[in-house]
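In: could you look at this predicted model? Sequence included:
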Amino acid sequence: MATTPTSEAYNELQVAYDHFNKALFDGALPPCLITFQREKRMMGYFSPTRFARRRDSATTDEIALNPQHFDRRSDKETLSTLAHEMVHLWQHHNGKPGRRGYHNAEWGAKMESIGLMPSHTAAPGGKRVGERMSHYIIENGPFDIAATALLATGVEISWADKPPAPRPSTPPRPPKPTPPRPIVDDDPDDDEGWGPPSDGAPVIDEDGNTIVEIGGVSYVESPVPQNASNRVKFRCPNCGAQAWGKPSLLLLCGNPDCAEAPFDAIG
């Protein structure tokens, strides 16, 4: 009979459970139901008497492992999470667990005895007891030796959670075009460069910008020079601001002090 993904994935963990039960717990642990669960921020958990057999109401404990972490950790590190939860199972049946979620000193001492050092940071120097606890493998400790022997037999964690494909990046929106800037002469006494062209060439202002007519109003920086010969100069009668445009335009001054005074056509 061909091996299925289900039988392969769960048989590997069952073989590991039986191996560690014998090597680290002297065979004292009862069977349990091992599952895969995607619990956020958890690599695994233990839940006592979580399952009941329907035909006779027999119960069993659950050890759950999160497959989302399998691919980014070594097989030995994943198996250390299994052993971590086996310590919870041992304490449930043989010791005195702390209040819900609390890893007490008894649990910590058992962890260390099997070669896993409790640490809330998963690194040396972390707290040994607390609500959320991890561990690190003690080099050449009982677990390290037992796991090395198990992996040498060919046991491995074959199946891991496949991460979702990255979402395609959204191309950036093109910037909104900046509208052309109308030309207004702020210096009524300086007419240099503001007269209509005498030879059909584009008008160039004092800053070197090309002046063109668009919609009856003069603008700068047009990519296509325009013939601006049919234009007249307009001037505000109050502040003297000037602009070029078609003779038919009615221009109002935007200076707040001029109260939208109409520009005069001056030639």
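Out: That came in fine, so what should we check first? Residues are numbered from 1 along each chain as shown.
In: domains in the chain, by residue range?
Out: 5-152, 203-265 (automatic domain parsing).
In: mean pLDDT lowest for which of the ones you listed?
Out: The minimum mean pLDDT among those belongs to domain 203-265 (a mean of 69).
In: still on that earlier bit, okay if I get the domains of the chain as a markdown table plus distance to Pro172 and mean neighbour count?
Out: Every residue, glycine included, has its C-beta placed from N, CA and C. Below are these laid out as a markdown table (distance: least, CB to CB, whole Å; neighbours: other CB atoms under 10 Å):
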| stretch | distance to Pro172 | mean neighbour count |
| --- | --- | --- |
| domain 5-152 | 31 | 16 |
| domain 203-265 | 24 | 15 |
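In: so which of the ones you listed is nearest Arg173?
Out: Smallest distance to Arg173 across the domains of the chain (CB to CB): 22.8 Å, for domain 203-265.
In: Arg235 versus Ala241, what's the distance?
Out: Distance, Ala241 to Arg235, using CB to CB, to the nearest Å: 7 Å.
In: format the domains of the chain as a markdown table; extra columns: distance to Pro175.
Out: Converted to a markdown table, those look like this (distance: least, CB to CB, whole Å):
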| stretch | distance to Pro175 |
| --- | --- |
| domain 5-152 | 39 |
| domain 203-265 | 16 |
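In: right, and those domains - which one's nearest Lys176?
Out: domain 203-265 (16.4 Å).
In: on the three-state scheme, Gln68 is what?
Out: Under DSSP: H, G, I helix; E, B strand; the rest coil, Gln68 falls in the helix class.
In: which pLDDT value belongs to the closest residue to it other than its chain neighbours?
Out: Among residues not flanking Gln68 along the chain, Asp161 sits closest, at 4.5 Å (CB to CB, 6 or more residues apart in numbering). Note on Asp161: pLDDT of 91.
In: Asp161 and Leu65 touch, don't they?
Out: No: Asp161 is beyond contact range of Leu65, at 10.5 Å (criterion: CB atoms under 8 Å).
In: in this protein, which spans are helices?
Out: Secondary structure of the chain (DSSP state H): helices at 5-25, 75-94, 105-113, 142-152.
In: give me the contacts around the third one.
Out: Outside helix 105-113, the residues within contact range by CB atoms under 8 Å, 6 or more residues apart in numbering are 84, 87-88, 90-91, 95-98, 117-118, 128-129, 135, 138, 142.
In: closest one of these to Leu251?
Out: Sorting the contacts of helix 105-113 by distance to Leu251 puts His135 at the head of the list, at 79.9 Å, by CB to CB.
In: what bridges to that closest one?
Out: Taking DSSP bridges as the rule, His135 bridges to Pro118.
In: wouldn't it be in contact with Gly115 here?
Out: No: if you go by CB under 8 Å, His135 and Gly115 don't touch, sitting 9.7 Å apart.
In: so what are the sheet partners of the strand of greatest length in the chain and their directions?
Out: Counting residues, the longest strand found in the chain (DSSP state E) is strand 44-52. Using DSSP bridges, the strands paired with strand 44-52 in its sheet are strand 59-65 (antiparallel).
In: contacts for the strand it pairs with, please.
Out: Here strand 59-65 makes contact (CB under 8 Å, 6+ apart) with 13, 17, 30-37, 39, 43-53, 78, 81-82, 85-86, 89, 92.
In: 6 Å instead?
Out: Contacts with strand 59-65, where a contact means CB atoms under 6 Å, 6 or more residues apart in numbering, come from 32-35, 37, 44-52, 85, 89.
In: same question for stretch 127-146.
Out: Contacts with stretch 127-146, where a contact means CB under 6 Å, 6+ apart, come from 23-24, 80, 83-84, 101, 103-105, 108, 114-120, 122.
In: change it to 7 Å
Out: 19-20, 23-24, 76, 80, 83-84, 101-105, 108, 111, 114-120, 122-123 (CB atoms under 7 Å, 6 or more residues apart in numbering).
In: just send the helices of the chain back as JSON lines, with distance to Asp257 too.
Out: As requested, these are arranged in JSON lines below (distance: least, CB to CB, whole Å):
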{"stretch": "helix 5-25", "distance to Asp257": "82"}
{"stretch": "helix 75-94", "distance to Asp257": "77"}
{"stretch": "helix 105-113", "distance to Asp257": "81"}
{"stretch": "helix 142-152", "distance to Asp257": "86"}
